[in-house]
Structures are given as structure tokens and as C-alpha cells.
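Visitor: Predicted model and sequence below, questions to follow.
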Amino acid sequence: MELGNKLKNARMSASYTQEQAAELLGVSRQTISNWENDKTYPDIVSVIKMSDAYDISLDLLLKEEQKMSNYVTYLEESTNVVKSKKRLLKLIEMGIYLAVWSLAMLMFWFATQPDDAMGYSLLVFYLVLPVTTLNVSLFIGLDSGWGKGKWLMPLFFGVMYMLAEYGTFSLANMRAFDKFNVPEFGMIIPGVVISLIGMGIGSAIGYFSGRKVENNIRK
């Protein structure tokens, strides 16, 4: 049996129309039709979603036969593409945060006068860094590509929040008075808390969005 027929039979056994399956999988109805007519192949993420949605094991869904050998090769290639896209998304998310963080450091040393210290502190530590941390953490919470390891990220943001203060006001103080200051480890807490809030919101949005689609399909 060709892959398209396997997918069609699995969908029909689960009592889904093409429209319902498309909504559940987050694709168009035409995409479902193309898969079931062997016009295109589903990627690995879609195959896993179909396995869950249709309540059929991957082994049964993809049991290899001679006519499916090309698809098995395609699946291996698409898996590498998906992994690459997930890595790229992670790099973009972290790149945005690090770019804002670095810009804040540069502003302190090259665009801030002594009289601007209070304004800089309010702008960076009470607005720019918290908002950036919250938003990037929200997207990390939404991004399933991070896996369970994403819950370690609040510690990273907390440390970066502390280093932002240490690399600006503390370092300036050390240079002015020729002494060494220990980092204020308490500065880690705001970064951790803000990040946890953002990740919690993102994870909740992802969870309830998925549940809403499933409930709509099963009605």
C-alpha cells in the first residue's frame, strides 16, 4: 500500500474529514489531499502529529514497503531540515536578546554622561531589559524546539541581568575608586522572575491553543 493510502485510511479510521484533520495538524485541506494522493510528502513533524491525532503508531503508519522506499529517504532528509530550522529559530531568539543586551552596554560606555546615570538605569533596568527578557522568554515558552531544557533559560536571563549591572555601574565604580566589587547576586532574581513569567505565558498560550483545536475537532 502506498503512503497516501495509509494516511487516508488512518484518517478515516479516526473519523476525521480532511478539513478537520487539516485544522488539527495546522495545515491546509489541500495539503492533506496532496499527501493522501501521493502528490507531496509530509515532513517528520506532521507525521508525528498524524500519529497522535489518528491514534496509530508510527510503526504501523510508516511500515516500510518497497513503494515507500523513496519516502523513507525523504523523511530522513526532512528530519535534518526540521532540526536545522529549530536551531535557527533558537539562534534568532537568543540573538535578539544578546543584541539588545550588548547595545545597552555600549550605550552606557559610549553614549551616557555622568548626569544621565539615573535616566539610563530607569530606561535599561526597568524597561528595556525586562521587556526584552519577557518577550524573548514568551517565544521560548511557545517554541517546542527547546524541549524541557528551556526551563533552565530563566537562570541564564537572571545571570545576564546581573552582568548588565556589573558591566556598567559596578565596573564604573571599580574604575573610579580603583577597587574590586563582588557582583550583586541579588540582581539575578529579577531576571529569573521576569523570564519565568514570560515562559509561563508562552507555554500556557501554546497549551491552550492546542487544546482548543483538539476540542473543536472532537465536537
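Guide: Structure's in. What do you need?

Visitor: residue ranges of the helices in this protein, please?
Guide: Taking DSSP state H, the helices of the chain run over residues 3-13, 18-25, 29-36, 44-53, 58-61, 69-110, 117-123, 129-142, 153-165, 171-177, 188-218.

Visitor: List the buried residues for the fourth one?
Guide: Going back to what we said before, that points to helix 44-53. Neighbour counts over helix 44-53 (16 or more other CB atoms under 10 Å) mark Ile44, Val45, Ser46, Val47, Lys49, Met50, Ser51, Ala53 as buried. Where C-beta positions appear, they are placed from N, C-alpha and C, glycine not excepted.

Visitor: how about JSON lines for the helices of the chain, with mean pLDDT added?
Guide: Putting these into JSON lines (pLDDT from 0 to 100) gives the following:
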{"stretch": "helix 3-13", "mean pLDDT": "88"}
{"stretch": "helix 18-25", "mean pLDDT": "90"}
{"stretch": "helix 29-36", "mean pLDDT": "91"}
{"stretch": "helix 44-53", "mean pLDDT": "84"}
{"stretch": "helix 58-61", "mean pLDDT": "74"}
{"stretch": "helix 69-110", "mean pLDDT": "80"}
{"stretch": "helix 117-123", "mean pLDDT": "91"}
{"stretch": "helix 129-142", "mean pLDDT": "95"}
{"stretch": "helix 153-165", "mean pLDDT": "96"}
{"stretch": "helix 171-177", "mean pLDDT": "91"}
{"stretch": "helix 188-218", "mean pLDDT": "81"}
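
Visitor: Please name the nearest non-neighbouring residue to the most centrally placed residue in the chain.
Guide: Geometric centre of the chain, nearest residue: Asp143, 2.2 Å, by CA atoms, centre = their mean. Counting by CB to CB, 6 or more residues apart in numbering, Asp143 lies nearest to Leu89, which is 6.2 Å off, once chain neighbours are set aside.

Visitor: now swap in Trp151 and tell me
Guide: Met199 (7.2 Å).

Visitor: same thing with Trp146?
Guide: Closest residue in space to Trp146, ignoring its immediate chain neighbours: Ile140 at 5.7 Å, by CB to CB, 6+ apart.

Visitor: Ok, Ala14 next?
Guide: Once flanking residues are discounted, Ala14 sits nearest to Tyr54: 4.3 Å by CB to CB, 6+ apart.

Visitor: The one you found reaches Asn9, doesn't it?
Guide: No - with contact defined as CB atoms under 8 Å, Tyr54 does not count as touching Asn9 (9.3 Å).

Visitor: Would you mind telling me which of those two has the busier surroundings?
Guide: Set Tyr54 next to Asn9 and count neighbours by other CB atoms under 10 Å: Tyr54 wins out with 22 against 15.

Visitor: Next, that one: phi, psi?
Guide: Note on Tyr54: backbone dihedrals following degrees, to the nearest 10 are phi -90, psi 0.

Visitor: what residues are up against it?
Guide: Counting by CB atoms under 8 Å, 6 or more residues apart in numbering, Tyr54 makes contact with Ala10, Arg11, Ser13, Ala14, Tyr16, Leu61.

Visitor: Relative to Asn37, how far out is it?
Guide: Distance from Tyr54 to Asn37, counting by CB to CB, to the nearest Å: 17 Å.

Visitor: about what we covered before: most neighbours, which of the contacts of Tyr54?
Guide: Arg11 (23 neighbours).
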